[in-house]
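[1] Sequence isn't available, so here's the structure alone:
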């Protein structure tokens with residue numbers, strides 16, 4: 001655990017201390033969640049996650065935007081609980097967006113594209129997992 005924060009300013013200090021995604025080793029995962037406990041099937045049986053896979057060339061930029069959108073509540077879709085990021089094999093970085101209840105995937109894709117601003121030419125693979 002690197003720390004706990006309530007505002008973007010205190011999160012910035014934590015963010016500066018972490019290794020960028022493009023330099024992560026396989027098996028290392030970053031998590032940022034609302035509250036003290038990460039979401040899981042048992043806690044939110046009506047929830048799920050959206051998995052966004054992007055190339056490692058844009059991972060640092062996308063991950064930074066996603067994190068600050070989460071902490072700053074810009075990405076505040078109803079039921080949003082947090083994100084997890086990790087190298088997913090090959091040359092890809094995966095971001096799991098966790099929700100405590102089922103969310104409209106079309107609306108969520110639109111919001112992610114607006115808030116995170118996926119670079120032109122990058123074609124993320126987005127899948128939804130419900131439990």
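    Nice, I can see it. Computed from a prediction, not measured in an experiment: that's the story for all the values here.

[2] May I have the beta-bridge partners of the closest residue to residue 38 other than its chain neighbours?
    Among residues not flanking residue 38 along the chain, residue 31 sits closest, at 6.0 Å (CB to CB, 6 or more residues apart in numbering). In this view, the C-beta of every residue, glycine as well, is placed from N, C-alpha and C. Beta-bridge pairing of residue 31 under DSSP bridges involves residue 84.

[3] which residues does residue 31 contact?
    Residues in contact with residue 31 (CB atoms under 8 Å, 6 or more residues apart in numbering) are 38, 82-84.

[4] Please name the nearest non-neighbouring residue to residue 122.
    With CB to CB, 6+ apart as the criterion, residue 122 has its nearest non-adjacent residue at 5.4 Å, and that residue is residue 58.

[5] so where do the strands sit in this structure?
    29-33, 48-55, 80-87, 92-99, 125-130 (DSSP state E).

[6] Number of residues surrounding residue 63?
    23 (other CB atoms under 10 Å).

[7] Find the residue at the geometric middle of this protein.
    residue 83 (3.2 Å; CA atoms, centre = their mean).

[8] still on that earlier bit, including pLDDT and distance to residue 74, could the contacts of residue 31 go into JSON lines?
    JSON lines is the format used below for the contacts of residue 31 (pLDDT from 0 to 100; distance: CB to CB, whole Å):
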{"residue": "38", "pLDDT": "70", "distance to residue 74": "21"}
{"residue": "82", "pLDDT": "82", "distance to residue 74": "14"}
{"residue": "83", "pLDDT": "85", "distance to residue 74": "13"}
{"residue": "84", "pLDDT": "89", "distance to residue 74": "18"}
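
[9] And the buried ones among those residues, selectable in PyMOL?
    Entered in PyMOL, the line below selects the buried ones among these, by 16 or more other CB atoms under 10 Å:
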select buried, resi 82+83+84
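
[10] can you redo the contacts of residue 31 as TSV with distance to residue 91?
    Output for the contacts of residue 31, formatted as TSV (distance: CB to CB, whole Å):
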residue	distance to residue 91
38	27
82	25
83	20
84	19
